[in-house]
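> need a structure here:
(chains A and B)
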Amino acid sequence: MRLIPTRAWAATLLFAAFAALPLIAAALDDAYLVVIATRILAYAIAALALDLILGYGGMVSFGHAAYLGIGAYSVAILSRAGITDLSLHILGAIAGAAIFAVITGAISLRTKGIYFIMITLAFAQMAYFFFVSLSAYGGDDGVTLSTRSTLFGQPVLEDDTALYYTAFAILLGLYLTAVAVTRSRFGRVLTGARENPVRMQAIGFSPFRYQLTAFVISGCMTSIAGVMLANQASFVSPAYMDWHRSGELVVMVVFGGIGNLLGAVAGATIALLLEEWLAVLTEHWPLLFGLILVLVVLYSRDGLTGFFRRRL
Amino acid sequence: MTNLFLLQLLNGMQFGILLFLIAAGLTLVFGIMDFVNLAHGVIYMVGAYLAVTFSQMTGSYGLGLLLTLPATLVIGLVLELLVFRKLYDRPHLDQVLATFGLVMIITEGVEIIWGAAPLSVQMPDLLSGSVPLIGPLRYPVFRLVVIAAGLATAVALWLIITRTRIGMRLRAGATNRAMVSALGVDIKKLFTIIFAFGAMLAGFAGAMVAPILTVDPGMGESVLILAFVVIVIGGIGSVKGAFAGALLVGLVDTLGRSFGPIILRSFLDPSAAGQAGRVLAPMLVYILMAVILAARPAGLFGART
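Now for the predicted structure:
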């Protein structure tokens, strides 16, 4: 409990920094900063969603990139159908993600441990192949979006800063929602089911229902990240659901330290900045990234934040 | 039609055998050590690259293949000693992440050494012909050799597991690791051997397909995920399950891709059938997995969940 005020302070600081970022970018006259930061915000939404089930529910989903793809494709598909409003794109993404999450979650949650990891990975691969063979939307090559989503009928999101603040508002809203969820009765039952499902069952809760609900909520939240990513890049392709992307999402959560939500936001920031920085150093940056990942896992059990926390 | 069916049946078997060689090592590691290894697919990929290089160096594919086996065995040993050994007592999440890191390192390392462009290796002249099947149909000798080699490996594995002392320890270790350790078996050494052996099987698979597939850095990934599907279907830790699962997945995938559209055409119009077939065929094995899991969460031959 002692941690909560600390987290509130850290959250205020982090979100204030995000809020001020476009001003800093303007002062530095560096427009690219806003572009990177928008991607960071979108991935932070996804990492936050994953932390909800991974950190609090103990469900290691290695297929969360599927929901990024579902969100991204909802933008492409609805736009082509003439529906351009962001809120409708998000609704479409949530609907698609909910259907996929209910079906695959119900099957995956019959198992646990290694099985769960492999099955979520396999289902994400299934979604990947589905969109690869969807030739109407470019198949493997994907499609370029001619315009971004509109907001109340206005093309305001064409402006990078407006898109940034929209992503920021969504992240902030979802973060506060996620904090509320974990503190609610639902969140307590979820954590209880992670710690001891048999005991939860004995006191009258069905762990499966709570876990499936959390899994679906997480999937829907991740799909919103996909909507934002598609808008940021103005491009949609199956690459969003590549299994490497699923791995990167797990890496973000772990880098930040699992099970405290704010860590996921910090982890997404750290992982993407590290990627950007290493990519400047060498074109073979995945080698260094992989090396850092292996070392972090082997020698720092609570992620990078845990590493720093112990040093401080 | 029957000819096409026979041809695709053989192709499906060959693909299944290949999946078995990869899944066998994975399932032993999963079952006995409760360890998730995402890096198994890249070892298969490295095996293919080594086979290409060794074949070029020696001028013979056969020699290249023979050299690949000890090389991938050593790679397995080194990885076990440096990384995997530290992860056995860790949560699955840590194992997944560390081996994911290894995938990034090895894939990028391969691109640095061999480049990102696909490579190929010359098939040995002796095996490059084809044999007649029924009627005008012919089948490449090399693919039959792949099937035969895979089946021989399966039999050898079965003999090792059921008839030898190390196989006995392996089975005992899968049933109760702590008890076997308490009875004086050096379980660490057993783990190292299994790991290296599994890596060699994956390397063998990579070397076997090098002449018939293009060798590129991404080749391990799709196969890894299919090997997961195989293991989930067969039941974790069961080599028998891996064999049945691999053949099932290989056949369903291959036959689904060629006959799916034909079957759909009987109740859809041709263009819709073609489109639906193209979309459905790659998803078929995952649907199969979902159906089997819904009926048997522990897989076909699995004892535990």
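
> which residues touch the residue nearest to A:Ser237 when sequence neighbours are not counted?
In this structure, A:Ser237 finds its nearest non-sequential neighbour in A:Gly142, 2.4 Å apart by CB to CB, 6 or more residues apart in numbering or on different chains. Just so you know, the C-beta spots here come from the backbone N, C-alpha and C atoms, and that holds for glycine as well. Applying CB atoms under 8 Å, 6 or more residues apart in numbering or on different chains to A:Gly142 gives the contacts A:Phe235, A:Val236, A:Ser237, A:Pro238, A:Ala239.

> now pLDDT and neighbour count too, for these, in CSV please.
Listed next are the contacts of A:Gly142 as CSV, based on pLDDT from 0 to 100; neighbours: other CB atoms under 10 Å in any protein chain shown:
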residue, pLDDT, neighbour count
A:Phe235, 93, 17
A:Val236, 94, 27
A:Ser237, 94, 23
A:Pro238, 94, 24
A:Ala239, 92, 19
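
> which ones among those residues map onto strands?
Applying DSSP state E to these, the entries found in strands are A:Phe235, A:Val236.

> list the buried ones in stretch A:19-35?
The neighbour-count criterion (16 or more other CB atoms under 10 Å in any protein chain shown) identifies A:Leu21, A:Pro22, A:Ala25, A:Leu33, A:Val34, A:Val35 as the buried residues of stretch A:19-35.

> the lowest-mean-pLDDT helix or strand in chain B packs against which elements?
Lowest by mean pLDDT, DSSP states H and E among the helices and strands of chain B is helix B:270-280, with a mean of 79. Packed against helix B:270-280 by the contact rule (3 or more CB pairs under 8 Å, 6 or more residues apart in numbering or on different chains; DSSP states H and E) you find helix B:239-265.

> pLDDT of the helix it packs on, averaged?
Mean pLDDT, helix B:239-265: 89.

> give me the number of residues near the closest residue in space to A:Tyr137 that isn't next to it in sequence?
Nearest residue to A:Tyr137 in three dimensions, chain neighbours excluded: A:Val143, at 5.2 Å (CB to CB, 6+ apart). Neighbour count of A:Val143, defined by other CB atoms under 10 Å in any protein chain shown: 22.

> next, give phi and psi for A:Val143.
Dihedral angles of A:Val143 (phi, psi; degrees, to the nearest 10) stand at phi -130, psi 150.

> before we move on, back to that, now, which of the buried residues of stretch A:19-35 lie within helices?
A:Leu21, A:Pro22, A:Ala25, A:Leu33, A:Val34, A:Val35 (DSSP state H).

> kindly indicate which of the buried residues of stretch A:19-35 lies nearest B:Leu10.
Closest approach to B:Leu10 among the buried residues of stretch A:19-35 (CB to CB): A:Val35, at 51.6 Å.

> coming back round to it: for B:Gly25, state which of the ones in helices among the buried residues of stretch A:19-35 is nearest.
Closest to B:Gly25, out of all of these and judged by CB to CB, is A:Val35, at 43.3 Å.

> determine the number of other residues adjacent to A:Arg209.
Neighbour count for A:Arg209, taken as other CB under 10 Å: 12.

> just A:Glu275 next, same as before
Number of residues near A:Glu275 (other CB under 10 Å) recorded here: 17.

> which ones are touching it?
A:Trp285, A:Phe289.

> which strand or helix spans it?
Assessed by DSSP states H and E, A:Glu275 sits inside helix A:262-281.

> could you give me the average pLDDT of that helix?
Averaging pLDDT along helix A:262-281 yields 93.

> what's the first helix or strand after it?
helix A:285-299.

> in that next one, what counts as buried?
In helix A:285-299, counting by 16+ other CB under 10 Å, buried: A:Trp285, A:Pro286, A:Leu287, A:Leu288, A:Phe289, A:Gly290, A:Ile292, A:Leu293, A:Val294, A:Val296, A:Val297, A:Leu298.

> okay, how far is it across stretch A:274-293, tip to tip?
11 Å (CA to CA, to the nearest Å).

> pull the distance from that stretch to the chain's centre.
21 Å (CA atoms, centre = their mean, to the nearest Å).

> how about stretch A:71-81?
19 Å.

> which SS state does A:Met59 fall under?
In the three-state summary, A:Met59 is assigned as coil, counting by DSSP: H, G, I helix; E, B strand; the rest coil.

> residues contacting stretch A:210-217, please?
Residues contacting stretch A:210-217 (CB under 8 Å, 6+ apart): A:49, A:52-53, A:56-57, A:59, A:61, A:97-98, A:101-102, A:105-106, A:108-109, A:181, A:186, A:189-190, A:193.

> my guess is B:Met33 meets B:Tyr88, correct?
Yes - between B:Met33 and B:Tyr88 there is a contact under CB atoms under 8 Å: 5.8 Å.

> so what's residue 279 up against?
Using chain A. Contacts of A:Ala279 by CB under 8 Å, 6+ apart are A:Trp285.

> please go with chain B instead
Contacts of B:Val279 (CB under 8 Å, 6+ apart): A:Phe130, A:Ser133, A:Leu134.
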